[in-house]
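# Predicted structure and sequence below. I'll ask about it afterward.
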Amino acid sequence: MIRIVAAIFPVLLLAACSQQPVTSVDRSVAAPRATPAQPSGPGYYTVKRGDTLYRIALENGQDHRDIASWNNIANPSAIKEGQVLRVAPPAAAEPAGDAAVVSKPIAVGAIVESRSLDQPAGNVATAVAAPSGSLKREPKVGKEPYSDEAYARLNRVGGEPAKPAELKPESKPEAALAAPAASASPDDVPWMWPTSAKLSAPYSDAGNKGLDFAGKAGDPVLAAGDGKVVYAGSGLRGFGELVIVKHNATYLSAYAHNRKILVKEGQQVSRGQKIAEMGNTDADSVKLHFEIRKQGKPVDPAQYLPKR
């Protein structure tokens, strides 16, 4: 009996162990998901607290509608702190790829040697095939019929042979020799003063980023150069009713604190055209604050405007 129990016990033990669930362990570790790199560098701007799309456009010398288009922004007021915006045209913001190098075979004209039938073997005229297919030959020595005068001319008593006629260099026009006149940059603007009012505050790197003019309410504000209105409104704090004109890819001009704006965004304006009336919006007195910005950065307008 004891032997039977001893024989059955190992079998029951093995059966019980075989019914235990087997736990599988997944030792694979999920790799962390890579965060896409944010674009940065020239042509991009990271939004800071208090920024507006209009101010970002002004600081970068662009039309706010272009920046909205480049970044697929439907609502200009929907930008968020930390958001990276493209502030330059796509072609300018992205570095150009390596230019493909195209090799072209160099055509070498065949050299044809021909001998004149009426010259000795030592005088050989070489003809070179030009790219166009025409043949260019060396000039042949002119021949003169025999005469006593010609013989004497070639054999002078002094033994000095006649000198060939001197070849004068081809004359060149004076215009080709003169240095080319310096041409104006295509981005230069023929500036004019935006108002006849008296200057009340000059430009300052540390403070005033433009010129201030003291005048009367309603005095005309004139476009300082030809261009397109890229902003007209009061969305930039500190400027009041503001007009911004883009003259080219380099220069903007800004006209602030107007009481009335007479132009619309997208409108083309001419140099000297009345675009607003002087006022005191967002200012402590009636004045015009005028700025010139080169690639979005303020510069001293006095260095560009003509002398009064």
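Noted; the coordinates are in hand. Residues are numbered from 1 along each chain as shown.
# Now that Val230 has come up, it's in contact with Leu252, right?
Yes - the pair Val230 / Leu252 is scored as a contact, 7.4 Å apart, by C-beta atoms under 8 Å. Heads up, the C-betas are built off the backbone N, CA and C, glycines and all.
# Can you pull the residues that touch both of these two?
Ile244, Val245, Lys246 (C-beta atoms under 8 Å, 6 or more residues apart in numbering).
# ok, the residues you listed vs Pro186, which is closest?
Nearest to Pro186 out of the shared contacts of Val230 and Leu252 is Lys246 (C-beta to C-beta; 14.8 Å).
# helix/strand/coil for the nearest residue in space to the closest one that is not next to it in sequence?
Distance criterion C-beta to C-beta, 6 or more residues apart in numbering; nearest residue to Lys246, sequence neighbours excluded, is Val230 at 4.6 Å. Secondary structure, DSSP: H, G, I helix; E, B strand; the rest coil: Val230 is strand.
# residues in contact with Val230?
Counted by C-beta under 8 Å, 6+ apart, Val230 has contacts Ala57, Gln62, Asp63, His64, Arg65, Ile244, Val245, Lys246, Leu252, Glu265, Gly266.
# Can you report how many residues neighbour the second one?
The reference is to Gln62. Using other C-beta atoms under 10 Å, Gln62 has 22 neighbouring residues.
# what's it in contact with, if anything?
Val87, Ala88, Val230, Gly296.
# quick one: low-confidence parts of the stretch 151-300 of the chain?
Under the criterion pLDDT under 70, the flagged ranges of the stretch 151-300 of the chain are 151-185.
# so which of the contacts of Val230 would you say is closest to Trp193?
Taking C-beta to C-beta as the measure, Trp193 lies nearest Val245 of the contacts of Val230, at 14.4 Å.
# is it fair to say the closest one lies in a strand?
Yes - the assignment for Val245 by three-state DSSP puts it in a strand.
# What I need now is the contacts of Gln62 written out in JSON lines, including secondary structure for each item.
Compiled in JSON lines, the contacts of Gln62 are given as follows (three-state DSSP):
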{"residue": "Val87", "secondary structure": "coil"}
{"residue": "Ala88", "secondary structure": "coil"}
{"residue": "Val230", "secondary structure": "strand"}
{"residue": "Gly296", "secondary structure": "coil"}
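# what about burial for those, which qualify?
With neighbours counted by 16 or more other C-beta atoms under 10 Å, these contain buried members at Val87, Ala88, Val230.
# looking just at contacts, which helices and strands does the longest strand seen in the chain meet?
If you go by DSSP state E, the chain has its longest strand at strand 251-261. The contact analysis (3 or more C-beta pairs under 8 Å, 6 or more residues apart in numbering; DSSP states H and E) places strand 251-261 against strand 227-233, strand 241-246, strand 274-278, strand 287-294.
# closest one to Ser204 among these?
Here strand 287-294 is closest among these (C-beta to C-beta), at 12.2 Å.
# quick one: buried residues of the closest one?
Buried residues in strand 287-294, counted by 16+ other C-beta under 10 Å: Lys287, Leu288, His289, Phe290, Glu291, Ile292, Arg293.
# Would you mind putting the CA coordinates of it into PDB?
In PDB, the C-alpha atoms belonging to strand 287-294 read as follows (Å, rounded to 0.1, in the frame of the first residue of the first chain):
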ATOM      1  CA  LYS A 287       2.100 114.700 -33.700                       C
ATOM      2  CA  LEU A 288       3.300 112.400 -36.500                       C
ATOM      3  CA  HIS A 289       5.800 109.700 -35.600                       C
ATOM      4  CA  PHE A 290       7.600 108.600 -38.700                       C
ATOM      5  CA  GLU A 291       9.900 105.600 -39.100                       C
ATOM      6  CA  ILE A 292      12.000 104.100 -41.900                       C
ATOM      7  CA  ARG A 293      12.800 100.500 -41.500                       C
ATOM      8  CA  LYS A 294      15.500  98.700 -43.400                       C
END
